[in-house]
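# How does the following fold in three dimensions:
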Amino acid sequence: MPGPIQSIQRAAEVLKLLAHGGAHQLSVGEIARALDLAKPTVHGILRTLHEVGFVEQEVEGGKYRLGAALFQIGTSYLDGNELRAKALNWSDTLAMRAREAVRIGVMHGKHVLVVHHVFRPDNSRQTLDTGALLPWNATALGKALVAFGEWPDGDLQRFTRHTLNPEQLADSMNEVRDRDWAYDLHELVEGEASVAAPIRDRRGVVVGAVGISGPVERLCDSPDQPPRLELVSYVREAARSVSRELGGLSW
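As a prediction, the model looks like this:
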């Protein structure tokens, strides 16, 4: 059986780097250094990716970012996701009840892939997170997923002084399994909180999670307290409703 095609592997590495880069915009030199490739090689890969619309180049500065054609491919994948299809109405209802942004997530390697995002129902300026990858260890979505699955390999990144260390995280996982919902408090972004609950299919297997997120002052009664139980109940009801749509048992 023939081995992998090196040029395709390298192109995939470039796309992954652009997807995970801090500003999501990198120069030829930055990409070459990060992947330990020669600049002419990187330039050739980027030129080809640009021609098919997978990357775009800034007019000023010349840096590269992911292109619209790649987003369209990703959207096609998300449109075929059964969990997302079943959760559309319930996530809208949750957003209206909680008055906060709603996200549906699934595990994707070592991250949480946001397969659906409903904006907070107000007129504030917001950014669509569908397709975004979130760290599992510092989000309620991630904790709700990993608590009932396998702990991903690799080091745990710290984002704030409140991000849990491995020992604290292990204790948190036990609590999530006991109460069937998770939360984060200042762990990913200082001043923000989130709460999530697992979604199960007809086998009782956790296949996703639904959650809300927002400023601590809106979700919690005080900065060092978990999210309000009223909001927790809204999230759990949404998770149960989506689970029923997937054939899961009522509980």
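# now the strands: where do they sit in the stretch 51-200 of the chain?
55-57, 64-66, 101-108, 111-118, 133-135, 182-185, 192-200 (DSSP state E, counting those that start in this stretch).
# got the angle between the third one and strand 192-200?
Think strand 101-108. 60 degrees (axes from the mean of the first three to the mean of the last three CA atoms, to 10 degrees).
# Output the strands of the stretch 51-200 of the chain as CSV; include the columns distance to Ser27 and mean pLDDT.
Where you see a C-beta, it was placed from the backbone N, CA and C, and this is true even at glycine. What follows is these, written out as CSV (distance: least, CB to CB, whole Å; pLDDT from 0 to 100):
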stretch, distance to Ser27, mean pLDDT
strand 55-57, 10, 88
strand 64-66, 7, 86
strand 101-108, 27, 91
strand 111-118, 25, 89
strand 133-135, 22, 90
strand 182-185, 34, 96
strand 192-200, 31, 96
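# So which of these is nearest Arg125?
With CB to CB, the closest approach to Arg125 among the strands of the stretch 51-200 of the chain belongs to strand 101-108: 12.3 Å.
# what distance separates the closest one from the centre of its chain?
Centroid separation between strand 101-108 and its chain, computed with CA atoms, centre = their mean, to the nearest Å, is 6 Å.
# Mind listing what's buried along stretch 87-99?
Within stretch 87-99, the residues that qualify as buried are Ala87, Trp90, Ser91, Thr93, Leu94, Ala95, Arg97, Ala98, counting by 16 or more other CB atoms under 10 Å.
# repeat for stretch 100-108
Applying 16+ other CB under 10 Å to stretch 100-108 flags Glu100, Ala101, Val102, Arg103, Ile104, Gly105, Val106, Met107 as buried.
# Could I get the CA-only coordinates of that stretch as CSV?
C-alpha atoms of stretch 100-108 as CSV (Å, rounded to 0.1, in the frame of the first residue of the first chain):
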residue,chain,number,x,y,z
GLU,A,100,-27.2,34.1,27.2
ALA,A,101,-25.2,32.6,24.3
VAL,A,102,-25.6,28.9,23.8
ARG,A,103,-23.0,26.5,22.4
ILE,A,104,-23.3,22.8,21.4
GLY,A,105,-19.9,21.0,21.5
VAL,A,106,-18.4,17.6,20.7
MET,A,107,-14.9,16.2,21.4
HIS,A,108,-12.6,16.6,18.5
